[in-house]
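Novice: predicted coordinates and the sequence they were generated for:
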Amino acid sequence: MMPIISKLYCSSSQTVFGVRRRPHVVNGGGFVVTDCNGQRVVFKVDGCGIHGTKGQLILRDGEGDALLLIRRKGGMVEALSIYKKWKGYSLDYEGSQNLVFCLKEPNSCLVRSNIRISIEPNATSNKGWNFEIKGYFPDRNCSIVDIRGNIIAEVGVNKEVEKLMESKDLYHVVVKAGVDQVFVFGVIAILDYIYGESTYC
């Protein structure tokens, strides 16, 4: 698989990350991604409570540098569409934005399709999408699957931790070898917002 955003975040082996939600009252929400030991912060996602713009998220590296800007397309076009569209833009060191992916969520209960993601620009498959979400994110039981049905990343929860904490504020994400981790956590940030969790305001 080719890197979608950065080859610096494509590991040659499968990687397990821990995700911890930040409460809305502290730092305006969002979540923190750590290595499997919970020792090192790899990514941070700022919810819209931090920068005060609804429908906008920022994924940062462990040092706090912005890697991905995520925006929801709004206005009249969205209101009339059967899909809500999210766009992910990579940010380079000079601050310029390049569109790298587009995620479509059904805008109506009449549309019976999964959340789908296409890689931009114009690298979409003949089906019009490259990845889709299988499962249900609020249950911490879902996968990002490519067009051939291969799982590229899985969201799950440790049952002992879940029983102990009685919450889904702590979960893990397994990212397969060669998969762009920035892309995966950009998609997870959008899912978190869609379902009204830590990034939503």
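Specialist: Perfect, I can see it now.
Novice: out of everything not next to it in sequence, what's closest to Gly55?
Specialist: In this structure, Gly55 finds its nearest non-sequential neighbour in Arg72, 3.6 Å apart by C-beta to C-beta, 6 or more residues apart in numbering. Backbone N, C-alpha and C define where each C-beta goes, glycine included.
Novice: would you check that that neighbour makes contact with Gln56?
Specialist: Yes: contact between Arg72 and Gln56 holds when scored by C-beta atoms under 8 Å: they sit 7.4 Å apart.
Novice: so in the chain, which helix runs the longest?
Specialist: Secondary structure of the chain per DSSP state H: the longest helix is helix 181-194.
Novice: chain center to that one, what's the gap?
Specialist: Relative to the chain's own centre, helix 181-194 is displaced by 1 Å; criterion: C-alpha atoms, centre = their mean, to the nearest Å.
Novice: how long is stretch 189-201 end to end?
Specialist: By C-alpha to C-alpha, to the nearest Å, the extent of stretch 189-201 from end to end equals 13 Å.
Novice: tell me what Ser90 is bridged to.
Specialist: Ser90 has the following beta-bridge partners by DSSP bridges: Leu68, Asn98.
Novice: measure stretch 103-118 end to end?
Specialist: End-to-end span of stretch 103-118 (C-alpha to C-alpha): 6 Å.
Novice: I'd like the numbering to begin with 331 instead of 1 from here.
Specialist: Sure thing, new numbering starts at 331, so read that last one as stretch 433-448.
Novice: average pLDDT for it?
Specialist: Stretch 433-448 comes out with an average pLDDT of 76.
Novice: strands of the protein, start to end?
Specialist: Remark: strands assigned in the chain by DSSP state E are 345-351, 361-365, 371-376, 386-391, 396-402, 413-421, 427-436, 446-449, 461-466, 471-476, 481-486, 500-505.
Novice: TSV please, covering these and showing mean neighbour count.
Specialist: Converted to TSV, those look like this (neighbours: other C-beta atoms under 10 Å):
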stretch	mean neighbour count
strand 345-351	19
strand 361-365	19
strand 371-376	21
strand 386-391	21
strand 396-402	19
strand 413-421	20
strand 427-436	19
strand 446-449	20
strand 461-466	18
strand 471-476	19
strand 481-486	20
strand 500-505	20
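Novice: those: which one's closest to Tyr523?
Specialist: Closest to Tyr523 of the strands of the chain, according to C-beta to C-beta: strand 386-391, at 6.3 Å.
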